[in-house]
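[1] Below: sequence and its predicted model.
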Amino acid sequence: MRRFSQICVAMSLIAFSCQSPSSSLKLQELRVNIHTDPPSLDPRKATDTTSNSVIRMCFDGLMRRDENGNRSFGVAQSVDISDDGLKYTFYLKETTWSDGEPVTAKNFEDAWKTILDPQFLSEFASELYVIKNGQKVKESAPGINEIGVRALDTYVLEVELENPAPYFLDMLVTHSFFPVPSHVVEKNPQWALNAGASYVCNGPFHLEQWKHYNTIVLEKNNRYWDKDAVSIERIDLYMIEDESTELSMYENGEIEWVGSPLSSIPVDALPILEKEKDFKQYEISGTYYYIFNTKAYPFTNKHIRRAFSIAINRKEIIDNILQANQMVATSYIPPSMWKYTKSYFADADIVEAKKEFALGLTELGITAKEMPPIKLSYNTNSGHHKIAQAIKEEWSRAFGIRVDLENMEWKVFLDNVNTHKFQIARMGGIASYNDPVSFFRDYQYPNSRMNPCQWSNVRFTELMELSDQTQDAEKRMKILSEAEKVFMEEMPIAPIYFYTGSYMKKPYVKSVQVSQLSDIDFKYAYLEKR
């Protein structure tokens, strides 16, 4: 009865009755849950997985992934790369925006230069520092036209890089490098806040409806350059925060997908669900971790940070809470990314944690009794809550301190993290592209808005810059391994586990692409008759 009540409340929020809607569905209508309202559907501004998932459905970059998950051409039809690896010349297909206007090389130039404009707020700007003069301009140097991207013709785009980047084409699959409709943006800077005529896109689907905190409806974009490859006619995206309600909706046939990467399955249900034939699990190139605000007392001290990190019992969290075959993380970069993964400390080493804690207290000039209450912040999610509760108890036992938990709605949580209004916060990092620098780039630049720890280290920055200038692949990876060593010695974060993804999908849902980078693509998906 309680389960039924939850479903009724949830579905009433999205203007459905509690009766099964299956009979009214068309063949190619897909229903999924994205857990929360996307903070931004502007490719230049989005930072979170929810926003990025929707944006990927609506936009195409120069490159995208094909039906086998391999990198392929999107808006671009070919590329010439100079011998020194510094200049890329892209030749674009003749494609159109959803309003019929042509997608041009200038649209890419405008979008990238806007992100790198010092006056434009973009959390992922540092990803574009790979472009020549990108960092200089973003850090208030004059000369927006000095940025190494220019439209040579309507359908020819030239890009110059700061240093050779073997991963550059992979980066172009990510949302930070998507174009935006210049002709719309210039007239309406708020173009991406709602559905309607102003939300113009160039991907497989377009934004038909957006009821904030309720539903998003996507429909097939019949002006998409590869529309014949798209079978799904409509996708309904619900925003149900409660994982148990979402799972009930799946079991009742009201949605076709539950879990990663769009949302999460209740951790208590995993031991039972993993026996079901619909259940799938996959490795993700990502790390779940806690971030320390290194400008907030007492986490200004690296020994205090190290103590809090080392004291965490990761294996118990995985075995007793998560139960989804995650791996203990005693380093930052996931093993799926490279062969240099190593442990920088022992898991749940309370003896060593207490030594580090004592060192930190001495350097701070206080005793354990004088340690102020610590606040641990996380966004609303049953898994985050259970992990926080377990770690709170571990820290209290190990150090004899008070730890307060702070649970917030997603947008509020993100705002607090981005404005440094926290001491310790829950966070997770999933690689944007298949290279370790995807994890480290934001910490290379102290002023990066994607560095909420506010941590910087001269030696770390030197190593990152050296890796940028090193073309030998093996030498480059060794340099990045040394950078990770510096990072883990300072420990601005406490790595906890390496991600796995768990989801269930209805057997009639076919050809959905899910990658180790936690991307999901419905471009090639279709629904068999059910």
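    Yep, that arrived.

[2] Let me know the secondary structure of residue 360.
    With DSSP: H, G, I helix; E, B strand; the rest coil as the basis, residue 360 sits in helix.

[3] What distance do you get for it to residue 147?
    Residue 360 sits 43 Å away from residue 147 when distances are taken as Cβ to Cβ, to the nearest Å. Backbone N, C-alpha and C define where each C-beta goes, glycine included.

[4] What of residue 323?
    Residue 323 sits 48 Å away from residue 147, going by Cβ to Cβ.

[5] which stretches of the stretch 351-500 of the chain have low pLDDT?
    446-449 (pLDDT under 70).

[6] would you list every one of the helices in it?
    Per DSSP state H, counting those that start in this stretch, the stretch 351-500 of the chain carries helices over the ranges 382-399, 410-418, 437-444, 458-468, 473-490.

[7] The ones you listed: which one's closest to residue 518?
    helix 437-444 (12.1 Å; Cβ to Cβ).

[8] hmm, who's touching that closest one?
    Contacting residues not belonging to helix 437-444 are listed as 126-127, 129, 167, 287, 332-333, 337, 429, 431-432, 448, 450-451, 453, 455-456, 460-461, 464-465, 467, 480, 483-484, 487, 492 [Cβ atoms under 8 Å, 6 or more residues apart in numbering].

[9] care to break this protein down by domain?
    Here the domain parsing of the chain from automatic domain parsing is 1-35+204-265+506-530, 41-184, 283-501.

[10] just for this structure, where's the confidence low?
    1-26, 446-449, 530.

[11] 80 instead?
    Applying pLDDT under 80 to the chain flags residues 1-26, 140-142, 445-450, 529-530.

[12] Send me stretch 71-78 as CSV with only the CA atoms.
    Output in CSV follows, covering the C-alpha atoms of stretch 71-78 (Å, rounded to 0.1, in the frame of the first residue of the first chain):
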residue,chain,number,x,y,z
ARG,A,71,34.6,8.0,-31.8
SER,A,72,33.3,9.1,-35.2
PHE,A,73,32.5,12.2,-37.1
GLY,A,74,29.5,14.3,-36.1
VAL,A,75,29.0,17.7,-37.7
ALA,A,76,32.6,17.4,-39.2
GLN,A,77,33.0,15.1,-42.2
SER,A,78,36.8,15.1,-42.2
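
[13] Contacts for that stretch, please.
    Here stretch 71-78 makes contact (Cβ under 8 Å, 6+ apart) with 60-66, 90-93, 95, 103, 157, 169-170, 173, 179, 202, 225.

[14] Buried among those residues? Need that as a selection in ChimeraX.
    Of the contacts of stretch 71-78, the buried ones can be selected in ChimeraX as follows, counting by 16 or more other Cβ atoms under 10 Å:
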select :60,61,62,63,64,65,90,91,92,95,103,157,169,170,173,179,202,225
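
[15] just the helices in the stretch 101-250 of the chain please.
    Assigned by DSSP H, counting those that start in this stretch, the helices in the stretch 101-250 of the chain fall at 105-115, 134-138, 168-171, 182-185, 243-251.

[16] Between those helices, which one is closest to residue 229.
    With Cβ to Cβ as the criterion, residue 229 lies closest to helix 168-171 of the helices of the stretch 101-250 of the chain, at 20.9 Å.

[17] Can you give the contact residues for that closest one?
    With contact meaning Cβ under 8 Å, 6+ apart, helix 168-171 is reached by 63, 71, 79, 88, 127, 130, 161, 165, 177, 432-435.

[18] Among these, which one lies nearest to residue 529?
    Nearest to residue 529 among the contacts of helix 168-171, counting by Cβ to Cβ, is residue 71 at 32.9 Å.

[19] Could you give the number of residues near the closest one?
    Neighbourhood size, residue 71 [other Cβ atoms under 10 Å]: 15.

[20] Check residue 382 too.
    Close neighbours of residue 382, defined as other Cβ under 10 Å, add up to 16.

[21] Pull out the buried residues from stretch 353-370.
    Residues of stretch 353-370 classed as buried by neighbour count (16+ other Cβ under 10 Å): 353, 354, 356, 357, 359, 360, 361, 364.
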